[in-house]
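1. Next comes the sequence, and after it the predicted model I'd like to discuss.
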Amino acid sequence: LPGGDPASRLVGLPVVVKGRIDARLLPSPQLTLHDIEIGGETIRARSLDIELALGALLRGDWRATELRITGPQMRLGLDAAGHLNVPAPAVGFRPEAVSVDRLSIQDGRLTLTDAASGASVTLEQLYFNGAAESLLGPFHGEGDAVVGGEHYPYRVAAGRYAGDRTLNLKINVDPRDRPLNFESAGTLTFEGGAPRFEGALSLARPAGLRAPGGEPLRQPWRLAGKIKAGAAAVLIENVDFLYGAEEHGIKLTGVANLKFGKTPRFEGVLSGRQIDLDGALGGDPATRSSPGTALR
């Protein structure tokens, strides 16, 4: 094919194929690579399927009508200084010249590690379906991941990675097994290889329906604020917290700070000028719990 190895050209890293290669040229060039390593041993995958747009390829452009990775396994981490360990792209690689109409990941496994604290978390059964105008963005898509046996469906959208190493990012997570919604939008930067995020955060639990057995309603709550997150700490400012219904719930404001490392620490202050516990707890006064019991 013109321009060399299409797999390495599309991902910007060396691709080593240990299994068989299936290929066809018409009606459009398509490759299926089995048992592969990308970027040395950074990423391993059972297979990589690439279908290229023939017209664009003849013009020297790299446009994948479909790029599918099956069974990838990747380990991504922060070193002790908070820098992200990622392989360097090939010399001369132009990520802005590569576009993917349909990008999918199936049955992936991603392990995230932090050398400073020794902590790690693994995302299993990871899948993603989306599209990318270029490898610098913008891109969007949705998927799911399993953490600790629980499913976390997500949606993500990002703008174009700018020359000042910033990326506008929006992510929404709706855990399947928890009545919770997480949403955040802001700017992700990589100064000196250290990731940092600044933006808005929203975390909410919707109201629960009364069970047939007469169990009490699940009280809704909502937390929103401005977030500044780095490798060492997360600061949430201008916190607005509402517990219960909008008209008579408990409304608090404040600030929260979470520090990472080998000895994590959480500090927060929430205050309210006036709190109506009877109105916030609701229910029949004859059967309602005391404020102390309800707060516990």
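-> Thanks, I have the structure now. The structure presented is a predicted model; accordingly, all values stated were derived computationally and were not measured.

2. Name the nearest residue to the residue most central in space within the chain, ignoring sequence neighbours.
-> Nearest to the mean C-alpha position of the chain, counting by Cα atoms, centre = their mean, stands residue 171 at 6.4 Å. In this structure, residue 171 finds its nearest non-sequential neighbour in residue 156, 4.9 Å apart by Cβ to Cβ, 6 or more residues apart in numbering. From N, CA and C alone the C-beta is placed, and that goes for glycine too.

3. hey, where'd the helices end up in the stretch 151-296 of the chain?
-> With helices called from DSSP state H, counting those that start in this stretch, the stretch 151-296 of the chain shows them at 277-281, 291-295.

4. what's the least confident stretch among those?
-> Least confidently modelled of those is helix 277-281, at a mean of 68 by mean pLDDT.

5. for stretch 256-265, which positions count as buried?
-> By neighbour count with 16 or more other Cβ atoms under 10 Å, stretch 256-265 contains the buried residues 256, 260.

6. Mind listing residues that contact it?
-> 114, 116-119, 225, 231-236, 239, 266-269 (Cβ atoms under 8 Å, 6 or more residues apart in numbering).

7. same thing with stretch 167-184?
-> 137, 144, 150-161, 185-189, 197, 199-206, 208, 218, 227.

8. measure that stretch end to end?
-> 14 Å (Cα to Cα, to the nearest Å).

9. What mean pLDDT does it get?
-> For stretch 167-184, mean pLDDT is 94.

10. tell me which residues of that stretch are tucked away?
-> By 16+ other Cβ under 10 Å, the buried positions in stretch 167-184 come out as 167, 168, 169, 170, 172, 173, 182, 183, 184.

11. rewinding a little: just the buried subset of the contacts of stretch 256-265, please.
-> 114, 117, 225, 231, 234, 235, 236, 239.

12. quick one: the fifth one and residue 228 touch, right?
-> Yes - Residue 234 is within contact range of residue 228, at 7.3 Å (criterion: Cβ atoms under 8 Å).

13. separation between the closest residue to residue 276 other than its chain neighbours and residue 219?
-> With sequence-adjacent residues excluded and distances taken as Cβ to Cβ, 6+ apart, residue 276 is closest to residue 248, at 6.0 Å. Using Cβ to Cβ, to the nearest Å, residue 248 is found at 11 Å from residue 219.
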